[in-house]
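Asker: Kindly return the folded structure for what I paste below:
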Amino acid sequence: MTLADTSILSIANLSVSVRGEDGERDVVSNLSLTLARGETLCIAGESGSGKSMTALAIMQLLPQPAARISSGMIRLRDGNRGDTDLATLDERQMRRIRGDRIAMIFQEPMTSLNPVLSIGRQLTESIEAHTSLSAAQARQRAVESLKAVRISEAESRLKQFPHELSGGMRQRVMIAMALALEPDVLIADEPTTALDVTVQGEVLELLRDLQRQHGTSVILITHDMGVVAEMADRVIVMRDGRMVEEGTTSDIFARPQADYTRELLAAVPRIGSGVGRQKSRNAIDVLKPANVAEVNDLHVRFDLRGGIFGQVTRRVHAVEGVSFSIAPNETLALVGESGCGKSTTAKALAGLAPYSGDIVIGGRNLSGLGRDERKAVRRDVQMIFQDPFASLDPRMRVGDLVAEPLVIHGIASKDERRERVAALFERVGLSADQLELYPHEFSGGQRQRVCIARALALRPKLIIADESVSALDVSVQARVLDLLKELQREFGVAYLFISHDMAVVENISDRVAVMYLGQIVEMGTRDQVFSNPRHPYTRRLIDAVPVPDPAQRRTRFARLDQEIPSATRRVGEAPLKLALNDVGGGHLVAAES
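Answerer: The predicted model follows:
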């Protein structure tokens, strides 16, 4: 029996066009594929490859009126009743199929769930629309659906609203909603991209288990080749709207035929590729000058007000007693999941959040400095943010954006500033001819290079990179990481590199500090932390990273025993202070609480 004979969904010569100022252009071109019953087909590729447009075309949810299916067929097999070409159906007909026969999980659950309706209302609304169940029966199925995705206290969760749930819980609700009607096909469009690595593992395991139970066919859309290796039976690689390669997962990873597939796989950071690698030494390492930054007993807390008189009722303990130092030419990685306090620590170090404790930059304690003195010290600390588009003023030319720090600090004349900016552009792999362009005229990777140039403009001693490559495609990410390492060798700049991606951290760091609920639970050299992780939370972070090799596919993912508790406490309560013990060679580990 051929794959076509067992297929539940098939696409033939599909093209999707989008109308813009320059006329129509194809974003999906002549795509053909089949999806077998019970199969997981991964569509992999970078931003702009056409993956999501393919999914939206199947669901008939293309953005209107700009996008349309210009040619091709999308056939859904319907048992003994023959095939249905989804491309020919009107909206009324598609409503009967969406949810019932084909369901979709989107990338960001917070924007996919209705913020003003309870979880229960949204679940039962979908069930009642496609079944003849009574309200009580629909509610019972909603409860069963939440239990199926391992949400505890399902009855009480029905009353909650999306903002009251964590990111992982919201994505579980989306999965419950998609599978409540037991559809034949589930399309998951980057379902784990916005999630922390341990939550990502749980969601992938959940999808795998539910697929086994219900025999659902899955189209998994992702740019993460580790996720592809863990989940896929077959893989389609797309680029610029076209399929460049198709094959079984083992063939794609072991014997890729297309140059683009080989480049994509080569760019994936892997745990273990950096352990044992020594940084080349230069004069700065040999001289061993004083630390660029020293942080001692740092606390950051935010008051929450409530009641009639707006008194402080609760307090967020975002950072609790954190201490570390960073030497010139060193990269200290601060890792952990969302809400652990790593970005708040960075903001305090950059003078962007109130704190208590000591922050010493270049030998000067920020606590005792006046406004002008703080401004002078801040020249030595610059930041690169996660989203380059959001951190660049869209109304300013990029040359002016990079020159702005020089203007603020009164450095150099206008002509000298332009020369310095042009030199920076060339150094980060851009061209001086691009100085007059606006941010929207650059790709994501190019915009991040503009941000790096801006951070370097004042020749700082420390650059804080806050999730600076997490929004980039894997090949772009690899090039930006290489650039950061080159610049460090050239200028001796130190990095505080903040990330939740352990594979990226292992690739770029010299030392690693692991944060959990506002405190450091483990700190050591890269080799100490990755080769011999001592704290259970560190092991869980490393174990949860998908391995881009189907031969190492796991039968079970690392799972949290419970949700990470909240950092919010009643006024007067404080979290238990974790003492760090040296287990050898400066490898610090907190005792389990």
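
Asker: Name the residues of the lengthiest strand in the chain that come out as buried.
Answerer: In the chain, with assignment by DSSP state E, the single longest strand is strand 311-326. Neighbour counts over strand 311-326 (16 or more other CB atoms under 10 Å) mark 315-326 as buried. C-beta coordinates here come from the backbone N, C-alpha and C atoms, glycine included.

Asker: How about stretch 392-410?
Answerer: 392, 397-406.

Asker: ditto for stretch 205-215
Answerer: 205-208, 210-211.

Asker: Can you tell me the strand partners of the longest strand of the chain and which way each runs?
Answerer: Strand pairing for strand 311-326, using DSSP bridges, gives strand 293-306 (antiparallel), strand 568-570 (antiparallel).

Asker: Now do the same contact list for residue 550.
Answerer: By CB atoms under 8 Å, 6 or more residues apart in numbering, the contact list for residue 550 reads 229-230, 232, 249-250, 253.

Asker: one step back: most tightly packed of the strands paired with strand 311-326?
Answerer: strand 293-306 (a mean of 16; mean count of other CB atoms under 10 Å).

Asker: And the pLDDT for residue 552?
Answerer: Turning to residue 552, the model gives it a pLDDT of 82.

Asker: Quick check: chain neighbours aside, which residue is closest to it?
Answerer: residue 229 (7.6 Å; CB to CB, 6 or more residues apart in numbering).

Asker: so how many other residues sit close to that neighbour?
Answerer: 24 (other CB atoms under 10 Å).

Asker: what's the distance between it and residue 171?
Answerer: 21 Å (CB to CB, to the nearest Å).

Asker: could you pull out the strands for the stretch 451-593 of the chain?
Answerer: With DSSP state E, counting those that start in this stretch applied, the stretch 451-593 of the chain shows strands at 462-466, 494-499, 511-516, 519-525, 568-570, 580-582, 588-590, listed in chain order.

Asker: list the helices and strands the second one packs on?
Answerer: Taking 3 or more CB pairs under 8 Å, 6 or more residues apart in numbering; DSSP states H and E as contact, the helices and strands that strand 494-499 lies on are strand 311-326, strand 331-335, helix 342-349, strand 462-466, helix 474-491, helix 502-508.

Asker: Show me the one of the ones you listed that comes nearest residue 439.
Answerer: helix 474-491 (15.8 Å; CB to CB).

Asker: Dihedrals phi and psi, the residue nearest to residue 552?
Answerer: Dihedral pair for residue 229: phi -60, psi -40, per degrees, to the nearest 10.

Asker: my guess is it contacts residue 545, does it?
Answerer: No. At 11.4 Å, residue 229 does not count as touching residue 545 under the criterion of CB atoms under 8 Å.

Asker: wait, doesn't residue 444 sit right on residue 471?
Answerer: Yes. The pair residue 444 / residue 471 is scored as a contact, 6.7 Å apart, by CB under 8 Å.

Asker: Touching both of those two, which residues are there?
Answerer: residue 388.

Asker: mind listing what's buried in stretch 456-468?
Answerer: 456-458, 460-468.

Asker: same deal with stretch 520-534?
Answerer: Neighbour count says stretch 520-534 has 520-530, 533-534 buried, by 16+ other CB under 10 Å.

Asker: Export the buried residues of stretch 205-215 as a markdown table, with columns for pLDDT, distance to residue 225 and secondary structure.
Answerer: Output for those, formatted as a markdown table (pLDDT from 0 to 100; distance: CB to CB, whole Å; DSSP: H, G, I helix; E, B strand; the rest coil):
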| residue | pLDDT | distance to residue 225 | secondary structure |
| --- | --- | --- | --- |
| 205 | 85 | 18 | helix |
| 206 | 83 | 21 | helix |
| 207 | 86 | 17 | helix |
| 208 | 88 | 17 | helix |
| 210 | 83 | 23 | helix |
| 211 | 88 | 20 | helix |
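
Asker: Tell me where the stretch 51-200 of the chain has helices.
Answerer: Using DSSP state H, counting those that start in this stretch, the helices assigned to the stretch 51-200 of the chain run over residues 51-59, 91-97, 109-112, 119-130, 135-148, 154-157, 167-179, 197-214.

Asker: Show me what the fifth one is packed against.
Answerer: Counting by 3+ CB pairs under 8 Å, 6+ apart, the packing neighbours recorded for helix 135-148 are helix 119-130, helix 154-157, helix 167-179.

Asker: Go again with 10 Å.
Answerer: helix 119-130, helix 154-157, helix 167-179, helix 197-214 (3 or more CB pairs under 10 Å, 6 or more residues apart in numbering; DSSP states H and E).

Asker: The first one now?
Answerer: Applying 3+ CB pairs under 10 Å, 6+ apart, one finds that helix 51-59 makes contact with strand 7-20, strand 23-36, strand 40-44, strand 67-77, strand 102-105, strand 185-189, strand 217-222, strand 234-239.

Asker: and stretch 467-486, how far out from the chain's middle?
Answerer: 13 Å (CA atoms, centre = their mean, to the nearest Å).

Asker: right, I mislabeled it, should have said stretch 102-112
Answerer: So, by CA atoms, centre = their mean, the centroid of stretch 102-112 is 16 Å from its chain's centroid.

Asker: again, but for stretch 140-154
Answerer: 27 Å.

Asker: ok, residue 197 touching residue 537?
Answerer: No. Using CB atoms under 10 Å, residue 197 is not in contact with residue 537; the gap is 11.7 Å.

Asker: Overlap in contacts, the two.
Answerer: Counting by CB atoms under 10 Å, 6 or more residues apart in numbering, the contacts common to residue 197 and residue 537 are residue 337.

Asker: hang on, the earlier thing: got the helices and strands packed on strand 494-499 as TSV, with mean pLDDT and distance to residue 292 columns?
Answerer: Formatted as TSV, those follow (pLDDT from 0 to 100; distance: least, CB to CB, whole Å):
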stretch	mean pLDDT	distance to residue 292
strand 311-326	89	5
strand 331-335	96	10
helix 342-349	92	11
strand 462-466	94	5
helix 474-491	89	12
helix 502-508	91	17
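
Asker: Select, out of the ones you listed, the one closest to residue 44.
Answerer: helix 474-491 (9.9 Å).
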